[in-house]
Each structure stands twice: as structure tokens, then as C-alpha cells.
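Undergrad: 3D model of this:
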Amino acid sequence: MPLEKSAPARKTPAMPRVLVGKEQLDGETRVAATPETVKLIKKLGLDVVVEAGAGDGSFIADADYEAVGAKIVGEEAYSDADVVLRVRGPEPVRAGALKEGAVVIGFTAPYKDDELTKKMLERKVTSLPMELVPRITRAQKMDALSSQASIGGYKAVLIAASSLPKYFPLLMTAAGTVKPARVVVMGAGVAGLQAIATAKRLGAIVEASDIRPAVQEQVESLGGKFIPLPESEESGEGKGGYAKEVTKEFLQKQQAIVKEHVVQAHVVITTALVPGRPAPKLITADMVEGMKPGGVIIDMAVEQGGNCELSELGKDVRKHGILIVGHANLPATMPADASMLYARNVFALLDNIVKEGELDIDLADDVTGGTLLTHDGQMFHEQTAKRLELPVAARPTEEKAE
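TA: Residues are numbered from 1 along each chain as shown. Predicted coordinates:
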């Protein structure tokens with residue numbers, strides 16, 4: 001049955017209702033709440049309903065949710081929910097059914113899903129994108145980008161190892177010595193560091209490149225060798241520890257240095273992302289052509305355009321004898337643990353906006369205010385507001401600072 005365009009807003013109930021939505025995107029196996037977190041949500045004094053089949057991809061049956069006190073509902077429940085928990089943002093028909101003042105928590109893609117952002121503004125929805133959770137100490141347990149990136153980095157190495165036509169470790173055999181595989185990891189954020197650690201555990205020789213000099217110590221602590229940066233006064237260190245966009249000249253110098261290492265590698269894993277920007281092109285076509293035949297490239301940035309010029313979104317392609325894997329959602333290939341961790345991240349963020357069983361959107365709170373995209377028909381994220389040519393609302397903390 002199709003959703004109604006919208007339902008009339010109802011009075012806030014004594015017990016706010018939380019809906020755990022079913023993901024609709026092909027290949028999205030994760031779910032935003034598990035029976036473990038449903039129990040925790042109910043302890044906050046909230047009612048919990050779960051869209052039928054929401055946990056199927058993560059091997060969680062509807063009966064498992066019912067066993068902890070949740071009610072199984074259909075998609076029509078979107079029009080009656082006070083809080084919607086999702087992995088991905090709600091689809092247009094579901095977003096249009098949200099009642100005014102509802103809260104949406106999930107990866108709502110504020111940097112690119114303008115249709116959803118505009119719909120949430122129109123419906124006066126309070127949206128808390130998991131992508132915007134600030135990287136501050138108090139918000140670490142809410143950092144879904146990190147929890148999911150760690151899973152992706154781990155799985156990327158396993159895919160590379162299973163696809164490579166040689167061993168990862170050094171082996172001494174009666175027939176002779178097998179040399180270890182050489183792995184280059186591009187980007188030493190959470191995903192890259194997990195990839196380094198996993199590749200080292202499998203016995204590979206690992207090198208890593210990053211535009212942030214501060215990560216060199218972390219790379220070396222995991223047994224990797226840091227590929228030196230170009231000599232320049234420019235830094236790739238951005239706000240909150242994220243990488244920032246660098247100049248074309250710096251990127252070209254970095255490519256020249258990295259190329260020497262890439263052409264000697266059996267595996268290249270790319271993880272370099274800049275928030276709100278297309279992924280930087282780090283692996284050019286001529287680098288791929290220069291690699292050893294049978295080599296593997298895992299492009300973890302493919303959903304944002306890819307770090308490799310020859311990557312194709314959602315496809316595994318072979319170019320110049322090199323397998324290039326363009327899987328857009330590696331965490332979803334490990335849905336049990338990915339959902340467990342993501343659900344805990346989501347609960348921590350939800351817990352921060354619930355006070356004595358009521359929803360409390362405190363704009364002055366560093367976590368809530370720092371994560372906020374839309375609220376009461378206003379835009380609170382400066383970068384998105386600028387792109388959409390909309391005014392950006394000032395938080396109370398900003399007003400005090402003036």
C-alpha cells in the first residue's frame with residue numbers, strides 16, 4: 001500500500017515513538033537498531049516499533065525484536081513516528097510522510113542528497129546525520145563513520161588477499177621461498193589504519209601514504225612504512241582530524257612520489273576521502289598500467305567518485321591485467337557486526353537527545369548542535385546551506401560568542 005503524502009501532526013505523546021526503518025537500497029543489509037539497542041531505547045522511556053523485515057539482512061528476525069518488546073509495523077508507521085532510525089536516509093515517499101517535528105537519525109548524505117535535505121526542511125524535520133557527528137571526545141561512541149570504516153578497511157584486505165594470485169606472507173618451503181606481497185594503502189584514516197593492521201597480520205609488506213603528516217606515527221606503530229610527502233609548506237590536515245582538499249600542484253607531486261611505490265605493489269587499497277568533496281584521484285591510469293599483472297586495487301572511495309581513475313561504481317573490472325574492485329558498501333558485507341556497532345552509535349546519539357523520557361533538541365549542546373542539519377524548517381549546516389544557497393541558522397552558542 002503506497003504511503004499517504006503526509007499525515008496531520010499529532011500531539012507529542014506521553015511516550016515518544018521510535019521507528020526502526022527497513023532499508024530499501026539494494027545491497028544495504030545493515031539495520032539501525034538491534035534487539036540489544038531496542039531494550040536500551042525502551043529503558044529511556046520510549047516506545048519502539050520496527051518496520052517488518054528491517055533486520056532480515058543482518059539475520060535478525062522480526063520475532064527477535066518482538067521478544068524484547070518492540071511491535072512490528074508496516075511502512076505506514078512513518079507518518080506516526082516521533083523518531084526514525086535508519087542506516088541510509090528515508091526514501092522520498094517515506095520522507096514526505098514524516099510528520100512535522102519528527103527526528104531522523106542516519107546517514108542522510110547531507111553533502112549530496114539535496115532532494116532529501118529539501119524535503120526535511122519542508123517537513124520541518126530535525127535531522128541528525130551520522131556523517132556530521134563532531135569528532136570530539138564526548139561523541140566518540142556516536143562516531144559511526146569510524147565504526148563502519150574500520151569494518152570496511154578490514155574487509156578490503158580480505159577481498160584483496162582472496163583475489164590476489166599469490167600468498168600474502170613470506171613462506172619458506174622445500175620448493176623454495178615465496179616472497180611476501182607488497183601492499184600500498186592510500187589514506188591513513190580509520191579505514192586505512194585497519195587495512196594496514198590487517199595486511200600486516202596476514203604477513204604482507206605494507207606502505208602507506210597520506211597528506212596528513214601527523215598520521216606517520218600511527219602508520220609506523222602498526223608496522224607500516226610511511227611514504228614521504230612532497231616538500232611543501234601546504235598541509236592536508238583539516239578540521240577535526242579529517243583530510244582537507246589540497247592544491248592540484250601538491251596532488252601532482254604526491255602522485256609522482258606514490259607512483260614509484262604503486263608500480264612495485266601487488267595490492268593497492270585506497271581510502272582517501274575529503275568531507276563534502278569528490279574523492280581525490282590518487283591512482284592514475286598509467287599507474288595501473290605500470291603495476292604487476294595480477295595485481296588488485298580496492299577503491300573504498302568509489303561512492304564519492306573513486307581514488308582510481310579506472311574504478312567503476314559497484315563493479316569489479318580488470319584493466320591492464322589489474323583487478324579493480326569498486327564495491328561501494330563494504331561494511332554491508334559484514335552485516336552482523338556492522339549493524340551491532342552502528343546500532344550502538346545510533347543509540348548513543350539518541351540517548352543524547354532524550355531527557356526524562358522526552359525529546360530535547362538542545363541547540364547549544366556541542367554534540368546535538370554540531371550534528372544538526374535541519375530543524376524547525378531551518379538549515380544549520382554551513383556547507384550544505386552554502387551549496388543550496390540557503391541562509392544558515394545560528395546556534396545559541398554562536399549568538400553568545402558574538
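Undergrad: Okay, helices next: where are they in the stretch 1-150 of the chain?
TA: Under the criterion DSSP state H, counting those that start in this stretch, the stretch 1-150 of the chain contains helices at 35-43, 62-66, 92-97, 114-122, 144-163.
Undergrad: can you put those in a markdown table and add mean pLDDT and distance to residue 170?
TA: C-beta coordinates here come from the backbone N, C-alpha and C atoms, glycine included. Shown next, in a markdown table, are the helices of the stretch 1-150 of the chain (pLDDT from 0 to 100; distance: least, C-beta to C-beta, whole Å):
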| stretch | mean pLDDT | distance to residue 170 |
| --- | --- | --- |
| helix 35-43 | 98 | 41 |
| helix 62-66 | 98 | 45 |
| helix 92-97 | 93 | 53 |
| helix 114-122 | 95 | 50 |
| helix 144-163 | 98 | 14 |
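Undergrad: With distance to residue 273 and mean neighbour count as added columns, please give those helices in JSON lines.
TA: Output for the helices of the stretch 1-150 of the chain, formatted as JSON lines (distance: least, C-beta to C-beta, whole Å; neighbours: other C-beta atoms under 10 Å):
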{"stretch": "helix 35-43", "distance to residue 273": "27", "mean neighbour count": "19"}
{"stretch": "helix 62-66", "distance to residue 273": "33", "mean neighbour count": "16"}
{"stretch": "helix 92-97", "distance to residue 273": "25", "mean neighbour count": "20"}
{"stretch": "helix 114-122", "distance to residue 273": "19", "mean neighbour count": "19"}
{"stretch": "helix 144-163", "distance to residue 273": "9", "mean neighbour count": "22"}
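Undergrad: Quick one: closest of those helices to residue 52.
TA: The closest of the helices of the stretch 1-150 of the chain to residue 52 is helix 62-66. By C-beta to C-beta, the value is 6.1 Å.
Undergrad: count of residues packed around residue 278?
TA: 12 (other C-beta atoms under 10 Å).
Undergrad: how about it, what does it touch?
TA: Contact analysis of residue 278 by C-beta atoms under 8 Å, 6 or more residues apart in numbering lists 304, 305.
Undergrad: could you measure it against residue 325, distance?
TA: Note on residue 278: its distance to residue 325, by C-beta to C-beta, to the nearest Å, is 19 Å.
Undergrad: Rebuild the helices of the stretch 1-150 of the chain as TSV, extending it with distance to residue 390.
TA: Below are these laid out as TSV (distance: least, C-beta to C-beta, whole Å):
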stretch	distance to residue 390
helix 35-43	32
helix 62-66	38
helix 92-97	18
helix 114-122	8
helix 144-163	25
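Undergrad: Point out the one among those helices that comes closest to residue 265.
TA: Comparing the helices of the stretch 1-150 of the chain by their distance to residue 265 (C-beta to C-beta), the top pick is helix 144-163, with 10.5 Å.
Undergrad: isn't residue 223 right up against residue 196?
TA: Yes: when contacts are counted by C-beta atoms under 8 Å, residue 223 is listed as touching residue 196 (7.4 Å).
Undergrad: residue ranges with poor pLDDT in this protein?
TA: For the chain, the stretches with pLDDT under 70 are 1-14, 230-246, 397-402.
Undergrad: Domain-wise, how is it divided?
TA: Domains of the chain are assigned by automatic domain parsing as 17-132+335-401, 151-333.
Undergrad: Can you give the distance from the first one to the centre of its chain?
TA: On the basis of C-alpha atoms, centre = their mean, to the nearest Å, the separation between the geometric centre of domain 17-132+335-401 and that of its chain is 15 Å.
Undergrad: Nice, that's everything, thank you.
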